[in-house]
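**Student:** Dropping the sequence and predicted coords here.
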Amino acid sequence: MANRRLGQTRSAAVAGLLAIFAALPCASFQKQDFSADRAPRPPSTLLISLQSLLTFLGSSEGDHSSEAMAIKLIEMHGLGFRPTADDLEKLRKASASEDFLKAIETAGTPAPVVKQGRLAVGCEPVDCEVWVSGNLIGTTTRGEIPWITLPEGKVIVSAAKTNYDPIQAKQEVPIRQNELTRVKFQFKISRAGLMATGAKLFQQMRGSIRAGEGEAARGASTEQEGNALRVAGTLYLHDSAGHCTVWPVEAWFREGHEARFELSRFYERYVLTMTATGHSWDRTPPAKEARELEAGIRLIADGQLPRLIERLDDPGLTMAAVDAPVGSEVAPVFQAGGGSQTYRITLDAAYRPSEIQAESPVPGSGLRMLYSDYVLQGSAYYPKTTQIILPDGVQGIEARFDTVQIVSSQNTYKQVSSKHSKLR
Amino acid sequence: MASLIPVGARRSKLMRVRLGVIGFCAIHGLLLMVAPFEGAGQKKIEKSLTPQPSPQVISDVDTLRPIADASKTPATLSIAQPEALVPMFEHLYRLNARQDSAPIHILQFGDSHSAADDWTAGLRRLLKERFGDGGSGFSLAGTPFQGYRRFDVQGGGSAGWHSEGLRSATGDGFFGIGGVGISTQVEGQSVFIETECDRLEIDYLQQPAGGDLALFDYNQLLERFSTRGELGPGFVSYQTMPGLHRFILRTLNSKPVRLFGWVADKETGVTYETLGINGAEASIILRWNESMFAAYLRRRNPGLIVLAYGTNEGVIGDWSSEKYQAMFSDILQRFHRAVPAASILVLGPPDSWSYREGTRRPSPGIDRIITAQKSACRESGCGFWDTRERMGGLGSMRDWVQAGLAQGDYIHFTPAGYRRLATMLFGDMMRQYELFGKIRIEISDPVPSHPR
């Protein structure tokens, strides 16, 4: 049971190391280690000399109780001298009992008193492993090891954390008797750490968009064959002059980069159908508006999260978290880069994308896509609001959808198509 | 005979008897109210009490005698084998001399005398006043039995727990350090403790299908943890800010959870931890899983273990002195094996009376138990404090009942009685401690420091 577990963890090779561990107070939250986690009691300061024993025997006058206590003290502390035959004879003459003499004969000499001080180690911004003079003494909990007891003298303290680089790898500190010495290590995430964190953030982003667990996971998704995402709301088109055109819209997005937008304004109604290879209008709006609408709708369609993830899934892209200042936690921002394209992706508290910015030195660099107001539909989250801002910061399109739902696309498409045929 | 006495005379005689009884009770009651039970005021009670054996009581003792005075040094050695307490005295000495700030834990195992926490609370108060408050130490989780209490800590729990162990100690033997556990398989069950500490530990049964728990301090979630693992002793510890805390543990799923208790410690000082079980006999310790018990004992690292059993064995048990001594020696060895550096002090059973042949008499079994405990302690190098002797000897319980220091069952004490016992035991211990300090100074060279 626990003893066996303890037995596994204790080995002769690390006996010295465990002695240091035994001095650890419980790091903030500790579980399942039955080695004593309190500081060991300081060594004895009682030195017993022959003269003091003779004095004691003279005053105790053979009192059995006093002598028994003295024997116990001798057993506990040992003697400050090595008794000779002469010494034993002197004690016998001073009326020491046989038990007392036996205790004197069998008592050891005390271990030299070791002066001790305490060392506290802290790590920022992550927990780290701590070594003292080459011996691993443990891992910080919530950023610190409150204290360990060490012999007086200088020690070299070092700390390490996978995927992090310490600003100062080793520190030499003096341990002084009865004093607490504090050492702090600051870490900066390494390049490998940034990449590992970036890959992790990307996976967290994917996972957060798909609900992944609970009831929602059992719902439908647009990936299921025959399903489409239906949205209804308003498009706000901002042109280079700063004018805004408002278009009520109803749209369907399907697998295979297919989409259908129905735009209406007063008595005008236009339907734009997009496929992987191109697009077509059922009735072309005025030329200028058609160009603006086509460009804006293309941005909205391309900015749909499933398409975005598809693009980021490109094995040629490398994920890396954005570097953080020394001692600071890495923020949930990562870059996906490779070849000529680089995206900077900022995640919200639930690891869903809140902003994606194209950073590539190519046309379109500086394009920003902002997502907010996520809603769960079927097994995935969809943003109800998407803003796409062109690099000039003026032009762009904003889609605000009041309705987001998963529908059976085949039926809906047919119904919608027939409905609009009648309208036409 | 009665018919020869005129009715009026019979009535007046009856009236005189009644008046006499009422008068005696009134005076007695008045004196009890006026005179405090402890200290010098006791003399008033002693003087006023004339030998008036109750009609129900056959007096095995001649007359009422003075109740042992806590302030007086006993004529004989009050603690047998006092050298057994030297390791604990050494800790106290060093704590006092500020050579070592580590807290000293004292664990008292016992029966209802201990479980009431009156006796132990008295000792706790006196020790903490002199050596500092180390916190409440170990206390049982929830309300494992009706009437469970600790005067230095508030605790309780929801209704969905059931108790394991207790006086029968039946079951798997996994009852932690206190011989008691509380179990549930219901999500959302909770226990709480309210106490001052800067370090908390939760002792639980680690088991293969163990459930998950969440620990809160007031409303703040501190940690979630699982009790799942290889079958054995489990604990989590939590370092916190000094001060008053209200820790709450809540089950997070419908898997089995068994809790043993809380440990609430401070950086330094003395803890006096009550581990009494109502109706318990010493032999129940042998029914607790030894390796688990030893693991928790080692972790607690007590400076002193106090064992206070014998009343139940003496009153209702049928132990022979030899059998009891062998069993009691086994228990002492079990403690020695687990924590060899700890001092052990056995408190012999107090005087108690029981009914035999329709009359109340001093329980004859107590003699056998005391003899057996004394012998076992001598053999095992443990201290022994003869409670009955310090009460005044065989039959002294009647005096304590008459003085309002013991209850009408002639077995248990009143709170004042337990306080009296605590004061006497503390006084006797401290006398030995002073002697220890004197010896320590005499045999040490040079003298590093003096105890207060």
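**Tutor:** That came through fine.
**Student:** Show me where the stretch 251-400 of chain B has its helices.
**Tutor:** B:290-300, B:311-316, B:321-338, B:365-380, B:387-391, B:397-402 (DSSP state H, counting those that start in this stretch).
**Student:** just how off-centre is the first one within its chain?
**Tutor:** Just to be clear, that refers to helix B:290-300. 20 Å (CA atoms, centre = their mean, to the nearest Å).
**Student:** on that earlier part again, got the helices of the stretch 251-400 of chain B as TSV, with distance to residue B:257, mean pLDDT and mean neighbour count columns?
**Tutor:** All C-beta atoms are positioned from the backbone trio N, CA, C, and that covers glycine. Converted to TSV, the helices of the stretch 251-400 of chain B look like this (distance: least, CB to CB, whole Å; pLDDT from 0 to 100; neighbours: other CB atoms under 10 Å in any protein chain shown):
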stretch	distance to residue B:257	mean pLDDT	mean neighbour count
helix B:290-300	16	92	21
helix B:311-316	31	89	22
helix B:321-338	25	95	18
helix B:365-380	37	95	21
helix B:387-391	39	94	23
helix B:397-402	43	93	23
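**Student:** quick one, what contacts residue A:307?
**Tutor:** Counting by CB atoms under 8 Å, 6 or more residues apart in numbering or on different chains, residue A:307 touches A:257, A:301.
**Student:** Which of the three states applies to it?
**Tutor:** helix (DSSP: H, G, I helix; E, B strand; the rest coil).
**Student:** Now the longest helix seen in chain A: buried residues?
**Tutor:** Determined from DSSP state H, the single longest helix within chain A is helix A:191-209. Buried positions in helix A:191-209, judged by neighbour count with 16 or more other CB atoms under 10 Å in any protein chain shown: A:193-198, A:201-202, A:204-205, A:208-209.
**Student:** Greatest separation within those residues: which pair is it?
**Tutor:** A:193 and A:209 (24.5 Å; CB to CB).
**Student:** Outline the domain layout of chain A.
**Tutor:** Following automatic domain parsing, one finds the domains of chain A at A:2-38+A:114-188, A:50-106, A:194-423.
**Student:** what's the closest of those domains to residue B:154?
**Tutor:** Of those, nearest to residue B:154 by CB to CB is domain A:2-38+A:114-188, at 23.5 Å.
**Student:** For that closest one, what does the pLDDT average out to?
**Tutor:** Taken as a whole, domain A:2-38+A:114-188 carries a mean pLDDT of 71.
**Student:** Can you list the strands that the helix or strand residue A:229 falls within pairs with?
**Tutor:** Using DSSP states H and E, residue A:229 falls within strand A:227-238. Partner strands for strand A:227-238, per DSSP bridges, with pairing direction: strand A:244-254 (antiparallel), strand A:396-408 (antiparallel).
**Student:** circling back to that earlier point, which residues are contacting the longest helix of chain A?
**Tutor:** Against helix A:191-209 from outside (CB under 8 Å, 6+ apart): A:162-164, A:189, A:305, A:309, A:312, A:318-323, A:330, A:332-336, A:345, A:347, A:350-353, A:380-381.
**Student:** And stretch A:170-188, by the same measure?
**Tutor:** A:115-126, A:128, A:147, A:150-159, A:161, A:164-168, A:324, A:326-327.
**Student:** and residue A:97, how many neighbours does it have?
**Tutor:** For residue A:97, the neighbour count with other CB atoms under 10 Å in any protein chain shown is 16.
**Student:** do the same with residue B:157
**Tutor:** Count around residue B:157 with other CB under 10 Å applied: 20.
**Student:** what about the residue nearest to it when sequence neighbours are not counted, neighbour count?
**Tutor:** Closest residue to residue B:157 apart from its sequence neighbours, by CB to CB, 6 or more residues apart in numbering or on different chains: residue B:142 at 3.2 Å. Residues within reach of residue B:142, counting by other CB under 10 Å, total 28.
**Student:** again with residue B:351
**Tutor:** 29.
**Student:** Could you do the one 10 residues further on as well?
**Tutor:** Applying other CB under 10 Å, we find 16 other residues in the vicinity of residue B:361.
**Student:** Help me confirm that it comes into contact with residue B:352.
**Tutor:** No - applying CB atoms under 8 Å as the test, residue B:361 and residue B:352 come out as separate, 10.5 Å apart.
**Student:** Would you map the strands across the stretch 251-400 of chain A?
**Tutor:** A:258-265, A:268-274, A:279-281, A:318-321, A:333-338, A:341-347, A:353-358, A:368-377, A:380-389, A:396-408 (DSSP state E, counting those that start in this stretch).
**Student:** what about the ones you listed, which gets the closest to residue B:80?
**Tutor:** That would be, of these and by CB to CB, strand A:318-321, which comes in at 71.0 Å.
**Student:** Check the offset of the closest one from the chain's centre.
**Tutor:** Worked out by CA atoms, centre = their mean, strand A:318-321 lies 16 Å from the chain centre.
**Student:** One more: stretch B:260-269?
**Tutor:** The answer for stretch B:260-269 is 18 Å, by CA atoms, centre = their mean.
**Student:** Give me every residue in the stretch 251-400 of chain B lying close to chain A.
**Tutor:** The interface of the stretch 251-400 of chain B toward chain A, taken as CB under 8 Å from any CB of the partner chain, is made up of B:291-292, B:295, B:298-299, B:301.
**Student:** Please repeat the previous calculation with a cut-off of 6 Å.
**Tutor:** Contact residues, the stretch 251-400 of chain B versus chain A (CB under 6 Å from any CB of the partner chain): B:291, B:295, B:299.
**Student:** mind checking pLDDT for the residue of chain A positioned farthest from its centre?
**Tutor:** Of all residues in chain A, residue A:93 sits farthest from the chain's C-alpha centroid, using CA atoms, centre = their mean; the distance is 73.2 Å. pLDDT recorded at residue A:93 is 90.
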